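A.B. asks: sharing a model that was predicted from the sequence below.
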Amino acid sequence: MNKIIRENFPAEKLPPELREGLDPKASVTVTIETETTPFERPIDSPIDRMSLAELFSLRRDVFSSAEEAARHIRSLRDEWDD
């Protein structure tokens, strides 16, 4: 996360929406921080330390056979036909 701090910044140089209610001759401290998205993980999470082969080894097959998978796909497709 990035953070920028400016102390003794002239209030008159702020954008109008941030200047509202302030004396234009005042000095302010401006702190800007980047926001994280909900999809970001900590860089040091266990998944980051796993190899691709290890990740694939954790995966489980949902269907016991190709026929079962095809049957499921057909049923999903048929839902749209109704």
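C.D. replies: Structure received.
A.B. asks: host element of the residue located most distally from the centre of the chain?
C.D. replies: Within the chain, the residue lying farthest from the chain centre (CA atoms, centre = their mean) is Lys25, at 38.8 Å. Under the criterion of DSSP states H and E, Lys25 resides outside all helices and strands.
A.B. asks: so it is in contact with Glu12, correct?
C.D. replies: Yes: when contacts are counted by CB atoms under 8 Å, Lys25 is listed as touching Glu12 (7.1 Å). C-beta coordinates here come from the backbone N, C-alpha and C atoms, glycine included.
A.B. asks: contacts for the strand or helix carrying Val28, please.
C.D. replies: Taking DSSP H and E as the definition, Val28 sits inside strand 27-33. Outside strand 27-33, the residues that touch it by CB atoms under 8 Å, 6 or more residues apart in numbering are 1-11, 14, 22.
A.B. asks: go again using 7 Å as the cut-off
C.D. replies: Residues outside strand 27-33 that contact it (CB atoms under 7 Å, 6 or more residues apart in numbering) are 1, 3-11, 22.
A.B. asks: now tabulate the residues you listed in JSON lines and tack on neighbour count and secondary structure.
C.D. replies: What follows is the contacts of strand 27-33, written out as JSON lines (neighbours: other CB atoms under 10 Å; DSSP: H, G, I helix; E, B strand; the rest coil):
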{"residue": "Met1", "neighbour count": "7", "secondary structure": "coil"}
{"residue": "Lys3", "neighbour count": "8", "secondary structure": "strand"}
{"residue": "Ile4", "neighbour count": "9", "secondary structure": "strand"}
{"residue": "Ile5", "neighbour count": "10", "secondary structure": "strand"}
{"residue": "Arg6", "neighbour count": "11", "secondary structure": "strand"}
{"residue": "Glu7", "neighbour count": "9", "secondary structure": "strand"}
{"residue": "Asn8", "neighbour count": "8", "secondary structure": "strand"}
{"residue": "Phe9", "neighbour count": "14", "secondary structure": "strand"}
{"residue": "Pro10", "neighbour count": "11", "secondary structure": "strand"}
{"residue": "Ala11", "neighbour count": "16", "secondary structure": "helix"}
{"residue": "Leu22", "neighbour count": "12", "secondary structure": "coil"}
